[in-house]
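**Q** all I have is the shape, not the residue letters:
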């Protein structure tokens with residue numbers, strides 16, 4: 001029993017698991033080689049919007065393992081004569097495998113990713129108010145997420161993933177994308193839409209004798225000033241409309257054809273007789 005135990009003076013006890021790897025009977029040097037080999041084949045997959053993926057290989061950034069002596073300390077502190085008990089109970093350890101890589105190479109690799117190509121980048125677009133549609137009024141045009149990435153955040157999150165030797169990272173879940181500032185559920189946007197539609201949904205019928213003039217959203221929407229976001233009615237637009245009515249229906253000071261009592265029609269060119277709109 002003790003003869004077998006002597007083996008574990010320089011190797012890990014049975015049932016020893018380090019960072020998810022069964023290292024029973026292996027020496028620290030052998031474990032380091034095992035981890036180093038894993039790093040040599042390391043590859044980080046980046047999951048992007050649109051079900052696209054790209055990858056960064058460890059060899060692209062000179063990824064290497066650096067150990068701090070923790071493996072050797074575990075072997076030094078274990079009791080070799082407990083090998084039979086350890087075989088059944090086991091021991092599990094999570095150690096920090098020190099990772100080193102060329103940060104300049106990583107930055108260059110990230111910059112050369114297809115998702116960072118400016119020609120293929122679609123910038124996010126804020127939700128906004130549509131143009132006026134006759135009979136419908138205004139509506140909110142939804143935001144567009146786009147696919148523009150924040151390069152600083154990408155470098156930070158990718159670096160953290162590599163340090164943890166993660167094999168996959170979702171740029172969406174890690175908050176690497178730039179997002180629209182204004183979304184469809186924005187309270188101010190909703191309030192503006194309600195105000196605008198309150199104006200354009202008005203219909204007023206003006207009677208001029210047997211003639212009718214209908215004022216509705218098709219005309220009113222041209223009077224709404226949206227530049228400052230207030231959506232107020234422009235008085236200049238109202239004045240122009242009233243002037244148009246006056247030009248069309250005013251009869252005072254204009255020539256009129258009147259039928260005389262003896263049947264003849266005459267034209268009267270002077271006088272203020274007639275209608276005149278108080279603009």
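**A** Received, thanks. Just so you know, these numbers come straight off a predicted model, no measurement behind them.
**Q** could you pull up the residues touching the residue sitting nearest the centre point of the chain?
**A** Nearest residue to the geometric centre of the chain (Cα atoms, centre = their mean): residue 179, 2.6 Å. Shown in contact with residue 179 (Cβ atoms under 8 Å, 6 or more residues apart in numbering): 124, 145. Backbone N, C-alpha and C define where each C-beta goes, glycine included.
**Q** wait, residue 1 touches residue 85, no?
**A** No. Residue 1 lies out of contact with residue 85 (Cβ atoms under 8 Å); the separation is 11.4 Å.
**Q** who's more crowded, the two?
**A** residue 85 (13 against 7; other Cβ atoms under 10 Å).
**Q** the helices in the stretch 151-279 of the chain, which residues?
**A** Remark: helices of the stretch 151-279 of the chain, listed N- to C-terminal, are 151-163, 187-200, 217-220, 235-249; assignment by DSSP state H, counting those that start in this stretch.
**Q** OK, contacts around the closest residue to residue 70 other than its chain neighbours?
**A** Spatially, and ignoring its direct neighbours in sequence, residue 70 is nearest to residue 95 (4.6 Å; Cβ to Cβ, 6 or more residues apart in numbering). Contacts for residue 95 (Cβ under 8 Å, 6+ apart) come out as 18, 19, 70, 71, 74.
**Q** of the residues you listed, closest to residue 148?
**A** Closest to residue 148 out of these is residue 19 (36.3 Å), distances taken as Cβ to Cβ.
**Q** what's the distance between the residue lying closest to the closest one once chain neighbours are set aside and residue 74?
**A** Spatial nearest neighbour of residue 19, chain neighbours left out: residue 94 (6.0 Å); criterion: Cβ to Cβ, 6+ apart. From residue 94 across to residue 74, the span is 12 Å (Cβ to Cβ, to the nearest Å).
**Q** over to residue 117?
**A** Counting by Cβ to Cβ - residue 117 and residue 74 are separated by 47 Å.
**Q** ok, the two, which is more surrounded?
**A** Taking neighbours as other Cβ under 10 Å, residue 117 and residue 74 compare with residue 74 leading, 19 against 10.
**Q** residue ranges of the strands in the stretch 51-200 of the chain, please?
**A** Taking DSSP state E, counting those that start in this stretch as the criterion, the stretch 51-200 of the chain carries its strands at 52-57, 64-66, 91-93, 98-100, 128-129, 140-141, 168-170.
**Q** now do the contacts for the residue lying closest to residue 64 once chain neighbours are set aside.
**A** Sequence neighbours aside, residue 100 is the residue nearest to residue 64 in space, at 5.1 Å (criterion: Cβ to Cβ, 6+ apart). Taking Cβ under 8 Å, 6+ apart, we find residue 100 in contact with 63, 64, 65, 66.
**Q** quick one: buried ones out of those residues?
**A** Neighbour-count burial within the contacts of residue 100 applies to 63, 65; the criterion is 16 or more other Cβ atoms under 10 Å.
**Q** compare the helices of the stretch 151-279 of the chain and report which one is nearest to residue 13.
**A** Nearest to residue 13, of all the helices of the stretch 151-279 of the chain, is helix 151-163, at 28.7 Å by Cβ to Cβ.
**Q** show the average pLDDT along the closest one.
**A** In this model, helix 151-163 carries a mean pLDDT of 92.
**Q** tilt between it and strand 52-57?
**A** Angle between the axes of helix 151-163 and strand 52-57 is 60 degrees (criterion: axes from the mean of the first three to the mean of the last three Cα atoms, to 10 degrees).
**Q** ok now helix 151-163, how far from the chain's centre?
**A** The chain centre lies 19 Å from the centre of helix 151-163; the measure is Cα atoms, centre = their mean, to the nearest Å.
**Q** which helices and strands sit right next to that helix?
**A** The contact analysis (3 or more Cβ pairs under 8 Å, 6 or more residues apart in numbering; DSSP states H and E) places helix 151-163 against strand 43-48, helix 103-111, strand 168-170.
**Q** can you give the strand pairings for the first one, parallel or anti for each?
**A** Read that as strand 43-48. Here strand 43-48 has these sheet partners by DSSP bridges: strand 52-57 (antiparallel), strand 168-170 (parallel).
**Q** how much does it deviate in direction from helix 103-111?
**A** 40 degrees.
**Q** list the buried residues in strand 43-48.
**A** Buried residues in strand 43-48, counted by 16+ other Cβ under 10 Å: 44, 46, 48.
**Q** residues in contact with it: which ones?
**A** With Cβ under 8 Å, 6+ apart as the test, strand 43-48 has contacts from 53-58, 113, 115, 147, 158, 161-162, 166-172.
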